[in-house]
Structure formats: structure tokens, C-alpha cells
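K.L.:
coords below, sequence missing:
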């Protein structure tokens, strides 16, 4: 004879088991959302465009940018796809042009020369950078391919700057103390999955106020950087 009470208990226990499993999955999913962070390491490269160049100054060779660092992801919402990022990084920037820098009685002399007079003329900086980003993305706890738009600002401290001129007879390089120590500007990074466009616009000049060419014309150049940036973790 069929034991109805036993069948009812089995059904009740089955429903309770399903409910517990469902609640466990929800809790695990919530825990995943409470834990996961995105895009905390970055590396990128790009091209430096000089804006505000004095008359006759043209860029030559590949003026490059290399950057890498760590940025702390701080989500604001439960889905964790909107928040801010605060970081610390390192960047090297080179600027090639026909503006040649030389030392003259302890001072630096800036001249615009014909490209036939030298092989390469480079201004180079090494900086510690502090990026700040407002972050939006379409990520979830288990989705690793998503759209992102990160916009903000970057403050950099140039701890080393130099000028170098290469001619047929040799190379002359030296520290350039006319480089502005504090560099700051606006930036935006956007893209999908691995490949992301990086753009940075400097708000202050590359060289200190009062730096002039041998003709007396002020040098008010600043950088526009266009490149790609990769995020990890």
C-alpha cells in the first residue's frame, strides 16, 4: 500500500533542497559581485604629437610613449560596472624634432636647424604618474569581454629629463633642467576587450615658462598622445 505521508515528505524535502540550492547560487553570485574587480594593471604605447610648435619646428622619427602601472578599481554600484580608479604608474616619452638643444656657458640653447645638419634630435622624459579615472563598463562577474569607457586626468612628476643630438661625428646628451617637472592633462581610454584607444591632452607646456629659441620666440609646446592601452585583471 502506498504511504502517502512518506511521498509528501519526499516532495517537501525535494522542494526545500531546490530552494536551498537556489539561495546558495544567489549568495554565491552576490559574493562574486562583492569580490570581483577589473582592469587593475595597465600597459600601453602611443605616439606623441607636439602642439604649439614654434615656426619652423617639425617632428621627425617616431616620438613614442610607453606606460605601465597599477590602478585600484573602486566600484560604486552593486553590479560593479561604475566607479573610479586611482593609480600609480611609470611613463617614458620621447619627442623627436628639428629643434636642437646645446649647452652654452652653462645655459641651454634652443635652435631650429635644417635636417641635413644632424641625424636625430631627441627630448626624453621619465615620469611617475598618478592617473584618476571615472570608469564605466559592461562587465559582469563572469564576463571578461566587455566595452569600457574610462575618462579622467593624469598627474605626472618628471624625475629625469634629457636632450640628445646625434650627428655624423658623435652623440651629445645631457640633462635638461628646462623640462617642467609637473605635467598634467586630460585623458580618455575606450574600447572593447583587449584593444583600447588611449588619448591624453597636456594642459601645461612641456618646458618651463620663459624657455625660448635663440631667435627669442617662446617655446610653448605641449603633448597630445594617441595610442593603445591594455588592461589586465
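P.N.:
Perfect, thanks for sending it. These numbers come from a predicted model, not from an experiment.
K.L.:
use CA for all of it now, contacts and neighbours both
P.N.:
OK.
K.L.:
Can you pull the domain assignment for the protein?
P.N.:
Domains of the chain are assigned by automatic domain parsing as 1-35, 38-232.
K.L.:
I'd like the distance from the longest one to the chain centre, please.
P.N.:
Pointing back at domain 38-232 there. 9 Å (CA atoms, centre = their mean, to the nearest Å).
K.L.:
Just the buried residues of the longest strand along the chain, please?
P.N.:
When the chain is scanned for its longest strand (criterion: DSSP state E), the result is strand 147-167. By neighbour count, with 16 or more other CA atoms under 10 Å as the criterion, the buried positions of strand 147-167 are 148-158, 160-166.
K.L.:
where are the low-confidence patches of the chain?
P.N.:
Low-confidence regions of the chain, defined by pLDDT under 70, span residues 1-35.
K.L.:
ok, which stretches of it are helices?
P.N.:
If DSSP state H is used as the criterion, the helices of the chain fall at 4-35.
K.L.:
Run through the strands of the protein in chain order.
P.N.:
For the chain, the strands defined by DSSP E occupy 41-51, 64-75, 82-96, 99-104, 107-112, 120-137, 147-167, 170-175, 182-192, 195-202, 222-232.
K.L.:
Between those strands, which one is closest to residue 208.
P.N.:
With distances scored as CA to CA, the stretch of the strands of the chain nearest to residue 208 is strand 182-192 (9.9 Å).
K.L.:
same for the closest one, what does it pack against?
P.N.:
If you count contacts as 3 or more CA pairs under 8 Å, 6 or more residues apart in numbering; DSSP states H and E, strand 182-192 packs onto strand 147-167, strand 195-202.
K.L.:
Okay, buried residues for that strand please.
P.N.:
Within strand 182-192, the residues that qualify as buried are 182-191, counting by 16+ other CA under 10 Å.
K.L.:
try stretch 42-57
P.N.:
In terms of neighbour count (16+ other CA under 10 Å), stretch 42-57 has its buried residues at 42-50, 53-54, 57.
K.L.:
which residues touch that stretch?
P.N.:
Here stretch 42-57 makes contact (CA atoms under 8 Å, 6 or more residues apart in numbering) with 59, 62-71, 93-95, 97-99, 112, 198, 217-232.
K.L.:
just the buried members of the residues you listed?
P.N.:
The neighbour-count test (16+ other CA under 10 Å) applied to these identifies 59, 63-71, 93-95, 97-99, 112, 198, 219-231 as buried.
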